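In: no sequence for this one, just the structure:
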């Protein structure tokens with residue numbers, strides 16, 4: 001019986017030793033990737049190719065930045081166009097010098113964006129009857145539209161509508177609110 005214990009013990013040590021030898025064996029890794037060369041070892045053609053690639057990449061990055069800047073300017077100009085109203089004096093549809101200046105800017109933007117159509121909305125303050133304010137709002141919208149047409153914008157690109165006192169910017173019943181509400185507003189279609 002002692003002999004079988006000794007045989008089992010020797011066998012266990014041999015198996016453990018075999019596993020140890022196999023697991024610790026040195027393995028060689030074969031790679032298809034060539035070793036990295038030092039830049040000083042590159043010949044002149046490789047250096048020129050690398051420089052050309054770097055230059056092309058920088059040009060692409062600059063083009064992307066220019067396109068993003070151009071898009072941002074376009075969006076800002078469009079927002080300015082839609083957010084800048086033409087204001088009128090009390091009970092008037094006459095264009096002031098400031099209103100004409102704003103309309104000249106709008107005409108320049110419309111000429112640069114020939115595919116855009118616009119609705120000119122006429123608005124009034126709350127003073128006056130509903131019918132009177134609708135008629136005054138229409139005169140204001142038509143005055144702005146006519147001025148744009150005189151500046152060379154096609155009438156087919158411009159519509160006009162009057163909201164009278166129905167859509168105030170400021171619902172307060174004070175003079176500063178009345179000034180804000182007497183306007184022609186421009187909506188891009």
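Out: Good, I have the coordinates. The structure presented is a predicted model; accordingly, all values stated were derived computationally and were not measured.
In: any idea which helix or strand comes after the biggest helix by length in the chain?
Out: Longest helix in the chain by number of residues (criterion: DSSP state H): helix 44-83. Using DSSP states H and E, the next helix or strand after helix 44-83 towards the C-terminus is strand 86-87.
In: next helix or strand past that following strand?
Out: Immediately after strand 86-87, counting by DSSP H and E, sits helix 97-112.
In: quick one: mean pLDDT over the helix or strand following that next one.
Out: Sequence order places strand 118-123 as the next helix or strand after helix 97-112, per DSSP H and E. Per-residue pLDDT over strand 118-123 has a mean of 98.
In: again, but for stretch 90-109
Out: Mean predicted confidence for stretch 90-109 is 96.
In: what about it, distance to the chain center?
Out: Averaging C-alpha coordinates over stretch 90-109 and over its chain gives two centres that are 28 Å apart (Cα atoms, centre = their mean, to the nearest Å).
In: name the residues of that stretch that are buried.
Out: By neighbour count on 16 or more other Cβ atoms under 10 Å, the buried set for stretch 90-109 is 93, 95, 99, 102-103, 106-107, 109. Every C-beta, even on glycine, is put in place using the N, C-alpha and C of the backbone.
In: contact partners of stretch 85-94?
Out: With Cβ atoms under 8 Å, 6 or more residues apart in numbering as the test, stretch 85-94 has contacts from 95-96, 98-99, 102-103, 125, 127-128, 136, 139-140, 142-144, 178-180, 182-186.
In: give me the buried subset of those.
Out: The neighbour count (16+ other Cβ under 10 Å) marks 95, 99, 102-103, 125, 128, 136, 139-140, 142-144, 178-180, 182-186 as buried among the contacts of stretch 85-94.
In: state the distance from the residue nearest the centre of the chain to residue 66.
Out: Nearest to the geometric centre of the chain sits residue 72, at 5.7 Å (Cα atoms, centre = their mean). Residue 72 is 11 Å from residue 66, where distance means Cβ to Cβ, to the nearest Å.
In: how about residue 118?
Out: Where residue 66 is concerned, residue 118 sits at a distance of 28 Å (Cβ to Cβ).
In: of those two, who's got more company?
Out: residue 118 (23 against 10; other Cβ atoms under 10 Å).
In: let me see the contact set for that one.
Out: Neighbour list for residue 118: 110, 157-159, 186-189 [criterion: Cβ under 8 Å, 6+ apart].
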